[in-house]
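In: This is a predicted model, with the sequence first.
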Amino acid sequence: MEDNKDNRKDIWKKTERFIIESGKSIGKYFIGKLITSTIIGLVAYVVFKIMGINPAWLLALIIGLTNVVPVFGPWVGLIICALIVIFINPIFALYTSLVALLLQLLEQFVLLPLIVGKAVDLKPLLIICVLIIGSMLFGFWGVVFAIPIAAVIKIGYGIFIKNEKKEDEKT
């Protein structure tokens, strides 16, 4: 009877730890995503300013804000910026699109795996794989939630399964 009570206490402690660590990890994910989006927005501003594309600040703001939404957001930002610039100078619309595309590649394959991966304690290659699998299985929403879900699964595995295996090996 006493052993059963201890077992329930242990499960509650693990569950509490799981909830707390999952919440922290999801918060770190969103902070990491905001950091990468800010970097992309700043780089876009500098590049547009150097190229003489105006309004550089507006285009950079659009790219930075839309970049918060993984994978699809940068495409939306690219289209909006191209539509704005096409009325100013059609050639600049092409340059703006190329810059936005290169920034998306930089964010998806460098910044996101490094910054967000470190924030949620997932390897960069795993981040890329999780995003691909999430998009294939669930489309837009799969991409949006793929990294936080992977982080929560990793936390759950570490708390409930990995530690359980260690305890079984001790007995």
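Out: Yep, that arrived.
In: can you pull out the helices in this protein?
Out: According to DSSP state H, the chain carries its helices in the segments 2-51, 56-66, 72-86, 90-106, 117-120, 124-156, 163-170.
In: Pull out the buried residues from the shortest one.
Out: Spelled out, that is helix 117-120. When burial is assessed from 16 or more other CB atoms under 10 Å, helix 117-120 yields the following buried residues: Gly117, Ala119, Val120. For glycine as for every other residue, the C-beta is placed from the backbone atoms N, C-alpha and C.
In: of all those residues, which comes closest to Glu16?
Out: Val120 (19.9 Å; CB to CB).
In: from memory the closest one sits against Tyr29, does it?
Out: Yes - with contact defined as CB atoms under 8 Å, Val120 and Tyr29 form a contacting pair (5.1 Å).
In: which residues do the two both contact?
Out: Ile147, Pro148, Ala151 (CB atoms under 8 Å, 6 or more residues apart in numbering).
In: what number of residues lie near the last one?
Out: Read it as Ala151. Burial measure for Ala151: 25 neighbouring residues, criterion other CB atoms under 10 Å.
In: That one against Lys123, yeah?
Out: No - proximity of Ala151 to Lys123 does not meet the contact threshold set by CB under 8 Å, at 11.7 Å.
In: circling back: can you list the helices of the chain in CSV and add mean pLDDT?
Out: Shown next, in CSV, are these (pLDDT from 0 to 100):
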stretch, mean pLDDT
helix 2-51, 89
helix 56-66, 93
helix 72-86, 89
helix 90-106, 87
helix 117-120, 86
helix 124-156, 90
helix 163-170, 61
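In: which residues touch the residue nearest the centre of the chain?
Out: With distances taken as CA atoms, centre = their mean, Lys33 lies nearest the centre of the chain, 5.0 Å away. Residues counted as contacts of Lys33 (CB under 8 Å, 6+ apart) are Val68, Pro70, Leu112, Val116.
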